[in-house]
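K.L.:
Quick one, fold the following:
(2 chains)
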Protein chains: 2
Amino acid sequence: MLGWVRSVRTQKEITFFHVNDGSSLQSLQIVADPHLGSRDITFGSAVEVWGKLVPSPHQKQNVELQANKITLVGSCNPVSFPFKIKDRHSLEYLRQFPHLRCKTNVFSSLLRLRSEATAAINSFFKNNGFIHIHTPIITSNDCEGGGELFQVEVNKNQDNPHFFNVPSFLTVSGQLHLEVMAGAFTQVYTFGPTFRAENSQTRRHLAEFYMVEAELAFTESLEDIMKVMENLFKSATSHILSECPEDVELFHKYLAPEQKVCSWFNILNHVNLIFRLSYTEAIDILQDSTKTFTFKPQWGCDLQTEHEKYLVQHCGNIPVFVINYPYDIKPFYARDNQDGPQHTVSAVDLLVPGIGELCGGSLREERLDLLQSRLKQHGFKDSYQWYEELRQFGSVPHGGFGMGFERYLQCVLGVENIKDVIPFPRFSHSCLL
Amino acid sequence: MLGWVRSVRTQKEITFFHVNDGSSLQSLQIVADPHLGSRDITFGSAVEVWGKLVPSPHQKQNVELQANKITLVGSCNPVSFPFKIKDRHSLEYLRQFPHLRCKTNVFSSLLRLRSEATAAINSFFKNNGFIHIHTPIITSNDCEGGGELFQVEVNKNQDNPHFFNVPSFLTVSGQLHLEVMAGAFTQVYTFGPTFRAENSQTRRHLAEFYMVEAELAFTESLEDIMKVMENLFKSATSHILSECPEDVELFHKYLAPEQKVCSWFNILNHVNLIFRLSYTEAIDILQDSTKTFTFKPQWGCDLQTEHEKYLVQHCGNIPVFVINYPYDIKPFYARDNQDGPQHTVSAVDLLVPGIGELCGGSLREERLDLLQSRLKQHGFKDSYQWYEELRQFGSVPHGGFGMGFERYLQCVLGVENIKDVIPFPRFSHSCLL
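P.N.:
Numbers count the residues shown, from 1 in each chain, chains lettered A, B, ... in the order given. Below is the predicted model:
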């Protein structure tokens, strides 16, 4: 057995310690004669243990290892090691040690779950015939026209700061590039890092985070998009609940006993479809509520997190889709419903318990004339000539969505702070390592 | 059938056309009465066809569709569409149209293969017990100390350009972050974008490219690292050769008939292990050669691509490992072999036909004193305090490697230019879309 020591208990005649190699939450109990050198074994040290695997008398484990040789591979000074054997450190405390926190049970469970969820999401799309596209990280267009962009420059010491001749940015979404690909492969997805230079230190925001984005051609209905969103959510969640029950349990027991994620997920699995509300209905519900909101709900304004959480609660604390948002608050690419007087576009958000918005999607405007007037209205006609051309050469009705991967993990595991569901969090004023 | 028209042949009484939905290279042949409106159907247009699937009299396909209804979903003007129905456009020509080239057979084959190879690589690691880690894209350390870094700034309009308070860069490698994780999970990998602000326009370099990187703890021998490299290469290649034979065949027939990738891969599958050379032996071979090199081979100098290609040829034009490189040309983290007088480190490169270096790896210096003196020698002691701490708290012998994913695709498919194996290439002076 090779691994790191998670606990040590020394008695006169015998030493018990647990060794973990990171493959699961479960450590192997070692039973050793103190003369074997097990006195040097401390919490956090790396060891190699030879011995005989025998059935364990304890209920907690099936087997234990009766050591006949112990080698200390790497020592760990208990005084300078920031984690103490008896303490249950807070996630906030652990965050100070991004290079060491993976050595704790809670964060190693988190990263195993993150790895498993990544695999589950990739499998879902592969099994459903989607082609995986690596959309670019550096881009010369700014997609939604937001100001919260990171700019990419070459190192100050070099001659030409515009390496690419044009200003270039870190991507905020792979959607437009996926639209290119949906026009050839029908169903495509991407799963990678995206960026926002948002100067906020909330529990909900990171400067670098992961998005799952999918795009479907030949779809004329938001229903098609919602079906994929729902199936993705259910499939990934079923997968991690069944593949990593111990790791999930650690989170539900230790961190979020009240969230009862499993219980609403069970409900979700027994209802045929996630509940649907129109934006207009959502506003009515909010306006009829007796709750006092910081932002007054009003038709034409974006839903705030407080509104989203209320709507989830109102629907029985399970996920809910809100569809058909006002034309004026959605980006240029959202498909015009050409309705009125309350003018809307075919856009959809998936709201989930504890989080609010988890996914956002829309049908995309595939009609060249409508798209052009919308681009003109936003004032960036020229830079989107290539995007217009997609509507000229075999254009088809299409749509898609994006899901914030960290929010997904927060939602399923009940983790309060987004910084605790990513290996190395980047946010304003912080880029450790 | 929903898809895009790949060919049209109209006769007096009957129209034949092929429709492709991107799920495979194979298009479906449609047989239609010209009165059904098939006269509007042009190369590149999007169509919906209803009809009856019948056995085809032609050898090339099993079935064809006898149309009884055809809807033109999106037209395509043959005059302005940059691809012509009868032409076989060069890859260089296609590169001018990053938003449209996926509509050609060759580039859609490429992207299906890229998607399949991505899945194969993820499967390989999952099946072998590796945890998938999302190493950060933005980082405050510059890993190998190279100058070819992209710097990340917030948009000029904002107040504080140092969003993170410290200078931050786009990652050149996830290795150091993976080393953190190998100290908890034993086996980890990452597969994501990496960056070099290299001002070169060669067929071998991109500013943004994908790397597969793996790190293994409790390993004291380069053999362990080479075994994983070899198995990864064989496993991914077997997978795409068996899962996408038509797409692979297109490349081998059309683009690289002389490369005979399949034939050397077959040889590779019948030899037990990839051939190994020490760096010193490699230099001897190069010096004994009658070939005139641009760079004279000399012990202590890095191997150039011309040297690498010669070595591959010399060994029978199959992949070859070169191990134990000079201490002075490898980065600070490579493990000192403490030999002499020709002082080497435990580093390894995998050289492959047509490409040269495909993978590079090493054992990492896990001994604190040796690491510290090496860091001091390189003059960046302070910024790596966290890296030194990894050697203080349960340090173990470990090592790993990185494989350039685009080079891998070039190697297996025989594609000359790296810009043709990535959806949206970024290189100096070019960042289209």
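
K.L.:
ok, and the closest non-adjacent residue to whatever residue of the stretch 201-350 of chain A ends up closest to chain B?
P.N.:
Per Cβ to the nearest Cβ, residue A:218 is where the stretch 201-350 of chain A lies closest to chain B, at 4.5 Å. (Each C-beta comes from the backbone N, C-alpha and C, glycine too.) Among residues not flanking residue A:218 along the chain, residue B:2 sits closest, at 4.5 Å (Cβ to Cβ, 6 or more residues apart in numbering or on different chains).

K.L.:
For that neighbour, grab phi and psi.
P.N.:
When read as degrees, to the nearest 10, the backbone of residue B:2 gives phi -110, psi 130.

K.L.:
quick one: contacts for it?
P.N.:
Listed by Cβ atoms under 8 Å, 6 or more residues apart in numbering or on different chains, the contact set of residue B:2 reads A:186, A:217, A:218, A:396, B:21, B:46, B:47, B:48, B:73.

K.L.:
Residue A:335 contacts residue A:398, correct?
P.N.:
No. Contact status for residue A:335 versus residue A:398: not in contact, 9.3 Å apart, counting by Cβ atoms under 8 Å.

K.L.:
what touches both of these two?
P.N.:
Residues touching both residue A:335 and residue A:398 by Cβ under 8 Å, 6+ apart: A:363, A:364, A:366.

K.L.:
and chain B, which of the residues you listed reach it?
P.N.:
Residues of these in contact with chain B (Cβ under 8 Å from any Cβ of the partner chain): residue A:366.

K.L.:
Longest strand in chain A, by number of residues?
P.N.:
Longest strand in chain A, counting residues (DSSP state E): strand A:63-74.

K.L.:
Just list what that one packs against, helices and strands only.
P.N.:
Strand A:63-74 sits against strand A:28-32, strand A:46-55, with contacts defined as 3 or more Cβ pairs under 8 Å, 6 or more residues apart in numbering or on different chains; DSSP states H and E.

K.L.:
can you list the residues of the stretch 301-433 of chain A near chain B?
P.N.:
Counting by Cβ under 8 Å from any Cβ, the residues of the stretch 301-433 of chain A that sit close to chain B are A:366, A:386-387, A:389-397, A:422-424, A:426, A:428-433.

K.L.:
How about the longest strand of chain A, which residues are buried there?
P.N.:
Buried positions in strand A:63-74, judged by neighbour count with 16 or more other Cβ atoms under 10 Å in any protein chain shown: A:64, A:65, A:67, A:70, A:72, A:73, A:74.

K.L.:
ok, then the element right after that strand?
P.N.:
As assigned by DSSP states H and E, the chain's next helix or strand after strand A:63-74 is helix A:91-94.

K.L.:
quick one: the residue nearest to residue A:218 and residue B:44, what's the gap?
P.N.:
Per Cβ to Cβ, to the nearest Å, residue B:2 is found 15 Å from residue B:44.

K.L.:
can I see the domain layout of chain A?
P.N.:
Domain assignment for chain A by the TED database gives A:2-81, A:105-420.

K.L.:
Need the CA coordinates for the longest strand of chain A. CSV is fine.
P.N.:
Provided in CSV are the C-alpha atoms of strand A:63-74 (Å, rounded to 0.1, in the frame of the first residue of the first chain):
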residue,chain,number,x,y,z
VAL,A,63,-10.3,-5.6,5.3
GLU,A,64,-7.2,-4.2,7.0
LEU,A,65,-3.5,-4.6,6.5
GLN,A,66,-1.3,-6.4,9.0
ALA,A,67,2.0,-4.7,8.4
ASN,A,68,5.3,-6.5,8.3
LYS,A,69,7.3,-3.7,6.7
ILE,A,70,6.8,0.1,6.8
THR,A,71,8.8,2.6,4.9
LEU,A,72,8.5,6.3,5.4
VAL,A,73,8.6,7.8,1.9
GLY,A,74,8.1,11.4,2.8
